[in-house]
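> Let's see this in three dimensions:
(chains A, B, C and D)
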2 protein chains.
Amino acid sequence: MALFTSEYPFKVDRKGRISVPADYRTVLSQESYPGIVLIPARGALALDGFGNGRLESLAEALDDPEIYDDDEDLEQAKQLFAEARRLPFDGDGRIVLPPEIRDHAQIQDKAIYVGGGSTFRLWNTDAYAAYKAKLNENATAKGQSIRLRLAPKKKKRTEG
Amino acid sequence: MALFTSEYPFKVDRKGRISVPADYRTVLSQESYPGIVLIPARGALALDGFGNGRLESLAEALDDPEIYDDDEDLEQAKQLFAEARRLPFDGDGRIVLPPEIRDHAQIQDKAIYVGGGSTFRLWNTDAYAAYKAKLNENATAKGQSIRLRLAPKKKKRTEG
DNA sequence: TTGACGCCCACTAAATCCCATGATATCCAC
DNA sequence: GTGGATATCATGGGATTTAGTGGGCGTCAA
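Numbers count the residues shown, from 1 in each chain, chains lettered A, B, ... in the order given. As a prediction, the model looks like this:
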């Protein structure tokens, strides 16, 4: 399976191009489509990214009538495809960031790829630093009981 | 299953390379990815390590929408992939320690691998010696009641 | 004609490959 | 059991390749 990890800071050049980390390209090399998919991330100055295969899986899921019984949920889910941008690699493993999604993440001349397992995020560098700092605060406060566990406890927040 | 044991002190050369114990490489030889995964250990000058397969299991767990009902827990868990570094073996069974995680563990020119069952730790040598000394103190004070038990008493974790 | 886009090349730093060496462990013959 | 031959391992360094980045040029469409 595709596995995206680590943090990779990159530059955006004056043509709007940005390299995709070689590691990610390797992960995606077995996909049929040579490129990535980017979607504006909800509530973050970032773009969610993954391979074309995952987009296909999502499309198939939407064809399954049992997944969404609520019509409005279905419409919401479909909007994902409207917001998605399929971005092919150039000969050097770069993509061109379309202005709309670039604006969403407020990305200027640099950005950082952040691994998230089966997906990754392309963040506004500063926003990611802030997000990370906040996460670390909360982490030390709550204790890191979930790290590295294979089968995390199912928590019931209302417990206690 | 993968089983990491013993203590193996190793050197870090001027290129930032360190050998992975031959024993560990043997344990990992049946993994699809020829290398290891390292993550900064919370509250210790060390890095947690394991094989790619374990990381994949963690990623699959995160794709299951039922595991985390709390969004913040999900984000915390995802951050693990951001912090994780996938480090491939070179032809001689070595990895290159990336500066960020090397700094976290304050590893200079030596480090020690410490087996921990299904995972291992790569420690700052001095910090491990201190940690071990402290453990031994506490062990003699409390008695060795937990060692060698198949099913240690379940302790109430810091649950709230 | 002007800009956007795809394709190509070039440069530099860093990562990777490959080989050498000494030390240790393992094997085998006797 | 002993001792020598062989294989394995940890480690260092040089050579080669690759990655990330910047820029040029032709093509196509507005």
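> What is the neighbour count of residue A:23?
18 (other C-beta atoms under 10 Å in any protein chain shown). All C-beta spots, glycine's among them, are computed from the backbone N, C-alpha and C.
> sec struct for it, please.
Secondary structure assignment for residue A:23 (DSSP: H, G, I helix; E, B strand; the rest coil): helix.
> Give me the local confidence score for it.
pLDDT for residue A:23: 97.
> Repeat that for residue A:139.
Predicted confidence (pLDDT) at residue A:139: the value is 75.
> Tell me the spatial nearest neighbour of it, not counting adjacent residues.
Nearest residue to residue A:139, sequence neighbours excluded (C-beta to C-beta, 6 or more residues apart in numbering or on different chains): residue B:76, at 6.1 Å.
> Return the distance of the one you found relative to DNA strand D.
Relative to DNA strand D, residue B:76 is positioned 27 Å away (criterion: C-beta to the nearest atom of the strand, to the nearest Å).
> quick one: that residue and DNA strand C, what's the gap?
Using C-beta to the nearest atom of the strand, we find residue B:76 at a distance of 28 Å from DNA strand C.
> next structured bit after whichever strand or helix holds that residue?
Using DSSP states H and E, the element containing residue B:76 is helix B:71-83. Moving toward the C-terminus from helix B:71-83, the first helix or strand encountered (DSSP H and E) is strand B:85-88.
> Counting by contacts, list what that next one packs against.
Counting contacts by 3 or more C-beta pairs under 8 Å, 6 or more residues apart in numbering or on different chains; DSSP states H and E, strand B:85-88 packs against strand B:35-40, strand B:94-96.
> about what we covered before: what comes up buried for the helix holding residue B:76?
By neighbour count on 16 or more other C-beta atoms under 10 Å in any protein chain shown, the buried set for helix B:71-83 is B:73, B:74, B:75, B:76, B:77, B:78, B:79, B:80, B:81, B:82, B:83.
> Could you dump those into JSON lines and include distance to residue A:45?
Written out in JSON lines, the entries for these read as follows (distance: C-beta to C-beta, whole Å):
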{"residue": "B:73", "distance to residue A:45": "22"}
{"residue": "B:74", "distance to residue A:45": "19"}
{"residue": "B:75", "distance to residue A:45": "15"}
{"residue": "B:76", "distance to residue A:45": "19"}
{"residue": "B:77", "distance to residue A:45": "21"}
{"residue": "B:78", "distance to residue A:45": "17"}
{"residue": "B:79", "distance to residue A:45": "17"}
{"residue": "B:80", "distance to residue A:45": "22"}
{"residue": "B:81", "distance to residue A:45": "19"}
{"residue": "B:82", "distance to residue A:45": "16"}
{"residue": "B:83", "distance to residue A:45": "20"}
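> pLDDT added to the residues you listed, as CSV?
What follows is the buried residues of helix B:71-83, written out as CSV (pLDDT from 0 to 100):
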residue, pLDDT
B:73, 80
B:74, 85
B:75, 87
B:76, 89
B:77, 91
B:78, 93
B:79, 95
B:80, 96
B:81, 97
B:82, 98
B:83, 97
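> The residue nearest the centre of chain A: which element?
In chain A, the C-alpha nearest the mean C-alpha coordinate belongs to residue A:48, at 2.4 Å (C-alpha atoms, centre = their mean). Per DSSP H and E, residue A:48 falls inside strand A:46-50.
> partners of that strand in the sheet?
The strands that strand A:46-50 pairs with in its sheet are strand A:35-40 (antiparallel), strand A:120-123 (antiparallel) (by DSSP bridges).
> Specify the angle between the first one and helix A:71-83 in degrees.
Counting by axes from the mean of the first three to the mean of the last three C-alpha atoms, to 10 degrees, strand A:35-40 lies at 120 degrees to helix A:71-83.
> Go ahead and name everything in contact with strand A:35-40.
A:20, A:24, A:28, A:47-52, A:54-55, A:80, A:83-89, A:95, A:97, A:101, A:104-105, A:122 (C-beta atoms under 8 Å, 6 or more residues apart in numbering or on different chains).
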